[in-house]
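[1] quick one, what's the 3D model for this:
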Amino acid sequence: MPPSEELKREQTHLTTIQSHIERAIAVARGGIKQSHDHTQIVINTVMQNQSVQLERSRNQPYFSRISCREHGERATEDFYIGRFGLFDRETLAPYVIDWRSPIANLYYDESFADVPVQVDRDHELRFDVHRKRHFELRDGKLVQFFDSTSAVRTDQPLMQRLNAKSEQRMKDIVETIQADQNRVIRADPNQLLIVQGVAGSGKTTIALHRLSYLAYQQKERTTFGNFLVIAPNRLFIDYISDVLPNLGVEGVTQTTWEDLLLSMLPKRVRLQNHQKKVQLFIEGVAATAPFGKDTVARAALLRSHMAMKELLDRYVEHLLAQAIPDEDLVLDTRHVMSREQIAQKFHRDFAHYPYIRRRERLIAALRAWSVDALAEVSGQIAKRFAGRYLEADAYTQTVKQNYEKALDHYCAKIRAVDIFAAYRMLVTTKKSIVWLVKRSGITDWLGDADNMASCLKHTLTDRAFEWEDIAGLFYLTYRLHGLDKRRPFSHIIVDEAQDLGPFQIYLLRLLCNQDSISVFGDLSQSIYAFKGLGDWRAIPTDLFAKPPQLETLPRSYRSTIEIMSLANAVLAHWDNPKKVLAEPVLRHGETPKRVCVSNERAAIAQLAIEVETLQQAGMNNIAIIDKSLSRCKVLGDLLTRRGQRLKVITDKETRYEGGVSVVSVYFAKGMEFDAVIIVNPTEHKFDSQNAIDIKLLYVAMTRALHRLCIYHWDPLTSLIPSQSAYLHTPSIG
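    Below is the predicted model of the structure:
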């Protein structure tokens with residue numbers, strides 16, 4: 001059939017499906033009725049969700065069609081694949097297959113022959129795929145399609161997406177998921193999944209698609225509120241906020257690690273300004289306390305090490321052992337509860353409770369025993385003072401007061417604990433610091449134990465702690481208060497996981513009701529000297545039934561080959577044999593541009609012109625990146641005076657609005673822009689011998705989709721090649 005006739009046939013099919021959608025929308029809306037009846041309210045919710053999903057499918061009900069044949073069958077079948085499945089309401093025959101269904105794997109798999117489809121855990125089918133057809137639809141109309149076969153393959157759909165301009169919100173990629181990404185999305189949910197993905201490999205997008213996939217697989221057994229996404233900051237949460245709803249997954253908890261755990265502490269705590277520590281280590285701002293960077297960093301890293309958990313466990317075990325006073329509870333000579341009896345209640349009868357609840361239960365039991373004893377004595381008093389009610393009541397009150405006094409005196413000796421005071425006491429003593437250092441195996445730090453203890457005493461005050469203390473405070477809360485009977489989450493996604501320490505990741509397992517955690521990150525973007533992971537093997541896995549599954553995503557889809565080649569040249573300076581250099585995919589673009597100007601004033605003038613030039617070229621979202629927030633504020637002010645409309649992104653931002661942004665490197669991490677302009681990356685800012693600086697410059701470069709510009713007036717860092725085929729080097733006075 002000629003291509004034009006085939007296009008008409010596909011358009012006719014599209015119109016048929018859209019008519020079906022219109023009818024289904026009408027049915028769904030018709031099922032919504034005003035009522036206070038619980039059953040009808042549930043029906044209304046279901047119908048409303050169906051209506052919204054159908055509305056989203058109206059203009060693009062599907063994006064591909066696969067023609068395939070199951071092994072052992074003669075007939076070839078066609079399946080249309082879309083974001084959501086569509087069925088005939090009467091026959092249940094599928095019009096469109098959901099992209100998350102097992103059969104859709106035929107579209108995403110690289111192979112055309114003998115492709116497996118896992119129907120369920122114990123049932124696998126095999127197919128040969130004859131053709132994969134990708135549709136381009138605009139405003140509900142079919143524009144064109146691209147066919148791939150085993151003989152002729154096309155990357156056109158992926159190229160179109162990669163060449164597109166960035167948007168204010170991250171979008172789903174169900175049409176262009178690649179085979180390596182698909183493998184991660186559909187990985188076994190019942191184990192710890194660790195994904196090492198290079199910059200631009202789509203880690204965050206894949207993480208969210210994995211969550212959508214798991215929601216589809218578990219739709220009969222869970223609600224979306226049981227899923228958790230841990231994001232690096234609130235701005236990033238806004239940036240990714242559209243992806244899951246567009247995939248039909250609403251109500252997922254999306255928060256930061258610190259906000260989640262702080263909400264679970266028994267009392268509010270005041271955190272020291274974390275931004276100051278970032279500035280100390282990344283921007284070189286002088287420390288406010290009389291302690292060097294090494295001491296501050298070591299004290300922080302120790303509190304993120306798994307040795308910290310062991311220290312807190314030792315404290316709790318000591319607390320349990322010392323909880324019961326070494327004496328009997330004596331109300332009077334006839335009412336004595338021995339220490340052994342009390343210890344049996346505490347250590348055996350109430351052993352399944354955490355410490356604080358166990359203490360409460362014990363005290364309640366002792367009070368109940370005291371009440372029974374008083375009732376017994378009251379009866380005896382009534383007989384003794386028969387008919388003399390006032391005397392009997394007075395005597396009973398005296399006995400009651402004596403019992404209460406004895407009971408209160410005893411209960412006061414059953415050790416109470418203030419979590420915050422106990423934690424501060426533990427981590428600020430030299431003895432604890434020495435134990436942590438030895439247990440962590442970093443004995444080179446022993447000589448700094450006194451300074452670390454002094455540093456922590458100086459920093460941690462009553463109810464005022466640092467970001468690194470949240471883990472310890474939460475774990476003590478868990479051990480002493482316990483959590484709710486049911487762990488709240490069925491699956492947890494952790495993004496930018498390289499910025500969390502082993503202890504911080506371990507704690508998330510305590511909040512997950514099964515071995516279902518997916519950890520995404522890039523060790524090459526671990527940019528903090530005082531926190532984070534240097535090796536994925538540091539993640540504790542003893543709480544998981546299976547060994548972790550480690551997947552690597554080496555292909556970068558974000559930046560052009562020219563931009564990634566330069567970024568790789570920078571990262572190559574990092575002396576780490578396990579580093580993974582990105583493999584740029586498919587797309588060429590303009591070579592990164594280097595512009596040398598005479599001074600900062602000239603740079604500002606040229607930056608304003610460069611921004612206008614980029615905007616005229618269709619670059620909608622542009623980032624001007626400097627290393628420090630303080631420098632970004634200066635740049636933002638100078639450019640604003642020249643009439644440039646822009647936004648300086650700080651740690652206070654919770655919403656990304658696109659346009660021109662001035663942003664420090666560490667705030668830009670995880671985001672992407674059409675064009676990036678790096679300002680004056682000198683050796684002073686980016687020391688070629690400093691691993692953190694190398695990774696920071698790498699992060700800055702890999703934010704760019706299409707254009708990368710470097711403006712400088714001082715000599716460049718040696719990380720950037722002085723003579724390079726990548727760079728234009730005009731000189732502007």
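[2] look up how far residue 14 lies from residue 8.
    Note on residue 8: its distance to residue 14, by Cβ to Cβ, to the nearest Å, is 11 Å. For every residue, glycine as well, the C-beta is placed using N, CA and C.
[3] neighbour-wise, which of those two wins?
    Between residue 8 and residue 14, counting by other Cβ atoms under 10 Å, residue 14 is the more crowded of the two (19 against 13).
[4] which parts of the lengthiest helix in the chain are buried?
    The residue-count maximum for a helix in the chain (DSSP state H) belongs to helix 355-384. Along helix 355-384, these residues count as buried under the neighbour rule (16 or more other Cβ atoms under 10 Å): 355-356, 358-359, 362-363, 365-366, 369-370, 373-374, 377-378, 381-382.
[5] can you check stretch 20-39 too?
    20, 21, 24, 25, 28, 32.
[6] ok, now how distant is the fourth one from residue 15?
    The span separating residue 25 from residue 15 equals 16 Å under the rule Cβ to Cβ.
[7] how about low-confidence regions in the stretch 251-400 of the chain?
    Counting by pLDDT under 70, the ranges of the stretch 251-400 of the chain that qualify are 285-289.
[8] quick revisit: now, among the buried residues of helix 355-384, which is nearest to residue 301?
    Minimum distance to residue 301 across the buried residues of helix 355-384 is 28.1 Å, recorded for residue 355 (Cβ to Cβ).
[9] I'd guessed that closest one sits against residue 319; true?
    Yes - judged on Cβ atoms under 8 Å, residue 355 makes contact with residue 319 at a distance of 6.1 Å.
[10] shared neighbours of these two, which are they?
    Between them, residue 355 and residue 319 share the neighbouring residues 417, 480, with contact defined by Cβ atoms under 8 Å, 6 or more residues apart in numbering.
[11] which parts of the stretch 501-650 of the chain are helices?
    Counting by DSSP state H, counting those that start in this stretch, the segments of the stretch 501-650 of the chain that form helices are 502-509, 561-571, 600-616, 629-641.
[12] for this structure, give me the ranges with low pLDDT.
    When the per-residue scores of the chain are filtered using pLDDT under 70, the ranges that remain are 1-3, 41-47, 220-223, 285-289, 484-486, 723-733.
[13] in it, where's the longest strand?
    For the chain, the strand with the greatest residue count under DSSP state E is strand 123-138.
[14] mind checking what helix or strand follows that strand in sequence?
    Downstream of strand 123-138, the first helix or strand assigned by DSSP states H and E is strand 141-148.
[15] pairing partners for that next one, with directions?
    If you go by DSSP bridges, strand 141-148 pairs up with strand 123-138 (antiparallel).
[16] now do the buried residues in the partner strand.
    Residues of strand 123-138 classed as buried under the neighbour-count rule (16+ other Cβ under 10 Å) are 127, 128, 129, 131, 132, 133, 134, 135, 136, 137.
[17] same question for stretch 230-249.
    So for stretch 230-249, counting by 16+ other Cβ under 10 Å, buried means 230-240, 242-244, 246-249.
[18] buried ones in stretch 253-264, by neighbour count?
    254, 256, 257, 258, 260, 261, 262, 264.
[19] so how far does that stretch reach from one end to the other?
    The first and last residues of stretch 253-264 sit 15 Å apart, counting by Cα to Cα, to the nearest Å.
[20] what sits up against it?
    By Cβ under 8 Å, 6+ apart, the surrounding residues in contact with stretch 253-264 are 225, 227-234, 237, 240-241, 244, 268-269, 271, 467, 470-471, 473-474, 477, 483, 489, 494, 500, 504, 507-508, 511.
[21] give me the contacts around the one helix or strand residue 295 maps to.
    With elements taken from DSSP H and E, the one containing residue 295 is helix 293-303. With contact meaning Cβ under 8 Å, 6+ apart, helix 293-303 is reached by 277, 280-281, 287, 289, 308, 427, 433, 436-437, 440, 445, 448, 451-452, 455-456, 466, 468-469, 471-472, 501, 503, 529-531.
[22] just the buried members of those?
    Neighbour counting by 16+ other Cβ under 10 Å classes 277, 280-281, 287, 308, 427, 433, 436-437, 440, 445, 448, 451-452, 455-456, 466, 468-469, 471-472, 501, 503, 529-531 among those as buried.
[23] what about these, which are in helices?
    With DSSP H as the criterion, helices contain 277, 308, 427, 433, 436-437, 440, 451-452, 455-456, 469, 471-472, 503 from among the buried ones among the contacts of helix 293-303.
[24] and the residue lying closest to residue 100 once chain neighbours are set aside, helix, strand or coil?
    With Cβ to Cβ, 6 or more residues apart in numbering as the measure, residue 216 is the residue that lies nearest to residue 100, at 3.9 Å, once sequence neighbours are left out. At residue 216, secondary structure determined by DSSP: H, G, I helix; E, B strand; the rest coil is helix.
[25] so what's the residue count around residue 216?
    For residue 216, the number of neighbouring residues by other Cβ under 10 Å comes to 17.
[26] need the contact list for it.
    Neighbours of residue 216 in contact, by Cβ under 8 Å, 6+ apart: 98, 100, 101.
[27] show the buried residues in these.
    For those, burial is judged from neighbour counts taken by 16+ other Cβ under 10 Å, and it is met by 98, 100, 101.
[28] closest to residue 174 out of these?
    Nearest to residue 174 among the buried ones among the contacts of residue 216 is residue 100, at 8.7 Å by Cβ to Cβ.
[29] quick one: that closest one and residue 212, what's the gap?
    As it turns out, when the distance is counted by Cβ to Cβ, residue 100 lies 7 Å from residue 212.
[30] also residue 435?
    Relative to residue 212, residue 435 is positioned 45 Å away (criterion: Cβ to Cβ).
[31] who's more crowded, these two?
    The residue with more neighbours, out of residue 435 and residue 212, is residue 212; 24 against 17, by other Cβ under 10 Å.
[32] now that one. Nearest residue, chain neighbours left out?
    Leaving aside its sequence neighbours, residue 212 sits nearest to residue 247 (Cβ to Cβ, 6+ apart; 4.0 Å).
[33] let me see the contact set for the one you found.
    In this structure, residue 247 makes contact with 83, 172, 174, 208, 209, 212, judged by Cβ under 8 Å, 6+ apart.
[34] let me see the contact set for the last one.
    Counting by Cβ under 8 Å, 6+ apart, residue 212 touches 100, 244, 247, 248, 249.
[35] tell me which two of those sit farthest apart.
    By the measure Cβ to Cβ, 100 and 244 form the most distant pair in the contacts of residue 212, at 12.9 Å.
[36] state the distance from residue 201 to residue 55.
    Distance, residue 201 to residue 55, by Cβ to Cβ: 32 Å.
[37] which of those two has more residues huddled nearby?
    More neighbours sit around residue 201 than around the other of residue 201 and residue 55, counting by other Cβ under 10 Å; the figures are 28 against 12.
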